[in-house]
Each structure stands twice: as C-alpha cells, then as structure tokens.
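*Asks:* Using only what follows, build the 3D model:
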Amino acid sequence: MTAADVQQELVRLFGGMSDRDLVVSVYGDEDADGAVSTFHELMRSFEMHGGAEAAVAFQDSLVKAPDALTIERALLTLSQPELQRKLLDQVLTTFGHHLIDPLGAVLTAGPEGNLMRELTSVRERVIADLESLRVTAETRSIVIQDIRKVMSNDYLAMLAEHEERELRPRVRALAQDILRLIGDIFHLALSRWPSHASSIAHAVRRRLAGEVRLAELPHLLRQQVLDGIEEFLWVETSNDIEGALRAMFASRQGIADKPPPLERSAYRSFAVGCWKLLTEHA
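*Replies:* Numbering: from 1, shown residues only. So this is what the prediction gives:
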C-alpha cells in the first residue's frame, strides 16, 4: 500500500471531504512508510470485523458526534499562549485590512482619488451655476473660461497632493490607534475564552444530537464550531469596537466622515483561522 493508495481510500470512504474538511491522523513510525503501514493495519481491521461490503458502505455508517467534553478539550487548545499570539496576529491582519485599508482612499491624490473627484465635482457645480446666470452669452462664456483656467486639472491635482501630505501623518496615527484598539479588545476577549469554551461545546453538541453519516460528520462539526466561535467573538467585541471607532473618528474630523462598517464576514474569516489552528494542535 502506497501513499497514493491511502489518498484513494480516503476519497472512497469520505468522498470530497477528504481534501476539504476531514483531518485524519495516523500514528506509526516517524516516516511515510510507517504511517502507510499503520493505515494498512487499520483497513485490515475494517475488513476483519465487517467484510468487504461493510468497508464499501463505511461512509454511510451512522455515528454520534464527539461528546461535549471532547469538543471542549479541543476548543481549550486555543487558550495556549503561543496560539493566542497567532490568533492576535490573524486578528490584526483580518481586521486591520478591513478597517484601515479604506483610509488609503483618503491618501490617493491621483485622478482616481476621492479628493480629486470631489474637487472636480465642485468645479462642475460652479460652472453649472454660472451657466444659469442671467447675463449675456458672451459674459457667461468669459466667466466660465476663467473658472476653467483657475480650477484646471493641474491646479486641482496640486491641491490634492498638498492635502495628502498634510493628512498622511494623521492617517498613519489613526491607523496605529485602530490596530491598538483591535488588539486590546480581542486580547481581552481571548482571555475569557476558557470560560466560554464549555458553553460553545455544549451548544455544538446539542445541534449535533443523534446520529449522522460518518462522511458528513467532519463538515457538520466544522460548521457548528465555526458558528460558535464567530458568535462568541461577535458578541464579545463588536459593540466595543464600533463604539470606540465612532468616538475615534469623531475626534479626528477631516480624515473621514465615519469609520468603515464592521462586517460580520470578517469574523467568519477569523473563525476559519481558529479552526485551522484547532486542527493543527488539538
């Protein structure tokens, strides 16, 4: 039996789950051949106790989900200091991009920048008002031409570049404050993780009550754990973050009118990162 045979058998037993949500640990000698030989013994055991027909129908077998205590022990893995450092790194990456990247539009001085578009819009509104001015066509034409000369594209670009130079240090300071805010709030939430792992585990187990197909169990367990982590983090952090961001942006008028919305999808991305750490270390 080769490593390719092992992969083929996983596909046969668990279908598409074998390369997506399923994690199989096979312990043997510390080399590829040792793991393969151990897997071979596992398959021989299947055949010994169930025969070929049972092995073929293995993926349709009905099993119970892990009990709440087992799930809780796995969740508590995320309490390890080293993993919490990795989680905070993921937090700052996920939410840093989500909340800080939009500030980059403030610093875009080129023709696609927000300020350049606003200045151009102001010029066009002035010209539109002049076009409705009750004067002769000649006078109106002179005024409009002068406005176009004064508020030329080059002049507006110069204003946008000047504003960018003035705003850059303020935006940088705001970005640093946002990162510190996110880090502090999530650090506090993660410190409360051990006291919530049990309730999350019991909630997952309630949703997976009864028996399910073995082939479906990894996917269902993953989805329920992701839901639990996402809900915990959203409840523990979202209100604090949104309130602090509103106050932070209100005290820095001139950079942006309001902070970007705190999307629930960002929490889902972070929950997926938590799941990956669980599968690697639990």
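*Asks:* where does the stretch 151-282 of the chain dip in pLDDT?
*Replies:* Nowhere does the stretch 151-282 of the chain drop to pLDDT under 70.
*Asks:* same thing but 80
*Replies:* 163-168, 214-215, 252-257, 282 (pLDDT under 80).
*Asks:* all helices of it, in order?
*Replies:* Applying DSSP state H, counting those that start in this stretch to the stretch 151-282 of the chain gives helices spanning 153-191, 193-207, 217-250, 264-281.
*Asks:* Buried ones in the longest one, by neighbour count?
*Replies:* Buried positions in helix 153-191, judged by neighbour count with 16 or more other Cβ atoms under 10 Å: 156-157, 160, 163-164, 167, 171, 174-175, 178-179, 181-183, 185-186, 189-190. C-beta coordinates here come from the backbone N, C-alpha and C atoms, glycine included.
*Asks:* elements contacting it?
*Replies:* helix 81-100, helix 114-131, helix 217-250 (3 or more Cβ pairs under 8 Å, 6 or more residues apart in numbering; DSSP states H and E).
*Asks:* Include distance to K276 when you put those into TSV, please.
*Replies:* What follows is these, written out as TSV (distance: least, Cβ to Cβ, whole Å):
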stretch	distance to K276
helix 81-100	9
helix 114-131	36
helix 217-250	10
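*Asks:* closest one to A4 among these?
*Replies:* Using Cβ to Cβ as the criterion, the shortest distance between A4 and the helices and strands packed on helix 153-191 is 21.6 Å, found for helix 217-250.
*Asks:* before we move on, the earlier item: how about the helices of the stretch 151-282 of the chain in TSV, adding distance to P102?
*Replies:* Supplementary listing: the helices of the stretch 151-282 of the chain in TSV, determined by distance: least, Cβ to Cβ, whole Å:
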stretch	distance to P102
helix 153-191	11
helix 193-207	29
helix 217-250	11
helix 264-281	13
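*Asks:* so which of those gets nearest P81?
*Replies:* Shortest distance between P81 and these, using Cβ to Cβ, is found for helix 153-191: 10.2 Å.
*Asks:* Run the chain-centre distance for that closest one.
*Replies:* Counting by Cα atoms, centre = their mean, to the nearest Å, helix 153-191 is centred 21 Å from the centre of its parent chain.
*Asks:* how many degrees apart are that helix and helix 217-250 in direction?
*Replies:* If you take axes from the mean of the first three to the mean of the last three Cα atoms, to 10 degrees, helix 153-191 sits at 120 degrees to helix 217-250.
*Asks:* wait, what's in contact with L179?
*Replies:* When contacts are counted by Cβ atoms under 8 Å, 6 or more residues apart in numbering, L179 touches L92, G96, I100.
*Asks:* try 10 Å this time
*Replies:* V91, L92, F95, G96, L99, I100 (Cβ atoms under 10 Å, 6 or more residues apart in numbering).
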